[in-house]
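[1] Pasting the sequence and the predicted coordinates here, then a few questions.
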Amino acid sequence: MSHNTTAILIDGGFFVRRLRAVYGNKIATDPDLAAEKMHEMATAHLYSGKNSPRSELYRILFYDCQPATHRAHLPISKKSIDFSKTDTAKFRLALHQAILKKRKVALRLGYLDRQNASWKLKPDTLKELISGTREWSSITDDDFVYETRQKQIDMKIGLDISTLTERRLVNQIVLVSGDSDFVPAAKMARRGGIDFVLDPMWHNIRPDLHEHIDGLRSTSPDPRKTADKKPAKKA
């Protein structure tokens, strides 16, 4: 391959979780703006420096699941809830449509494991119960979160990394993610001569993960610097 070509792989669940911290509430609730920022963040990786040549974009691959759209019953009141009408579902579905309109973007969908989905206490609520600052009698529906697990996302990411590497379709792979599930695929890609870069969107990663990547670079705004620029609250 005579020219530099980059594939950008984005863990959609991780991207959505980081949206509010990195881009603020407005973008985190507007699917069109979120898709725009996703594309800007991804294509910024094509420029590695002032004197470096621009890399050619192979494709942006966005991995996600359709949101929960079924009905369930709240854990305390037992009232029925239609997840398809929630803001979360509406945002995710609209985000997928907005992403599909972007140039050179492919949407890779897994699925939600509904069989093992359940209501779980929020971490802060659990801490309060353990410490004794809350009583069980005070618990309401708002103290729970409906937890579902994504299926096939990690597998699809791993398979795409394997295909890109074995077919020599790219010189570089950028993965937008924040956990360590990518390590086996990263090792394989690096053995195949691929430059493997991790973009954690300024999220902290384990120190030992550095040995499994060739570079660490976040192209989204640094939320720490953004926070420093916010005006101080009046006393």
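    Perfect, I can see it now.
[2] who's in contact with the helix or strand hosting residue 95?
    According to DSSP states H and E, residue 95 maps onto helix 87-100. Outside helix 87-100, the residues that touch it by C-beta atoms under 8 Å, 6 or more residues apart in numbering are 16, 29, 31-32, 34-36, 38, 62, 64, 66-69, 83, 105, 107, 109. For every residue, glycine as well, the C-beta is placed using N, CA and C.
[3] by how many degrees do the next helix or strand after that helix and helix 87-100 diverge?
    Next helix or strand after helix 87-100 toward the C-terminus (DSSP H and E): strand 105-121. Following axes from the mean of the first three to the mean of the last three C-alpha atoms, to 10 degrees, one obtains 170 degrees for the angle between strand 105-121 and helix 87-100.
[4] For strand 105-121, buried residues please.
    Neighbour counts over strand 105-121 (16 or more other C-beta atoms under 10 Å) mark 105, 107, 108, 110, 112 as buried.
[5] got it, and stretch 212-227?
    Those would be 212, 213, 218, 219, 220, 223, for stretch 212-227 by 16+ other C-beta under 10 Å.
[6] Is it possible to get JSON lines of those residues that adds pLDDT, secondary structure and distance to residue 162?
    Output for the buried residues of stretch 212-227, formatted as JSON lines (pLDDT from 0 to 100; DSSP: H, G, I helix; E, B strand; the rest coil; distance: C-beta to C-beta, whole Å):
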{"residue": "212", "pLDDT": "90", "secondary structure": "helix", "distance to residue 162": "16"}
{"residue": "213", "pLDDT": "94", "secondary structure": "coil", "distance to residue 162": "17"}
{"residue": "218", "pLDDT": "96", "secondary structure": "coil", "distance to residue 162": "25"}
{"residue": "219", "pLDDT": "96", "secondary structure": "coil", "distance to residue 162": "25"}
{"residue": "220", "pLDDT": "95", "secondary structure": "coil", "distance to residue 162": "27"}
{"residue": "223", "pLDDT": "92", "secondary structure": "helix", "distance to residue 162": "33"}
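[7] Going by distance to residue 3, which of those residues wins?
    Minimum distance to residue 3 across the buried residues of stretch 212-227 is 21.0 Å, recorded for residue 219 (C-beta to C-beta).
[8] Would you mind confirming that that closest one makes contact with residue 199?
    Yes - in this structure, residue 219 is within contact of residue 199 by C-beta atoms under 8 Å, at 6.5 Å.
[9] what's the overlap in contacts for these two?
    Here residue 219 and residue 199 have 41, 45 as joint contacts, going by C-beta under 8 Å, 6+ apart.
[10] Past the helix or strand hosting residue 164, which element shows up next along the chain?
    Element membership for residue 164 (DSSP H and E) is helix 153-166. Once helix 153-166 ends, the next helix or strand along the chain (criterion: DSSP H and E) is strand 172-176.
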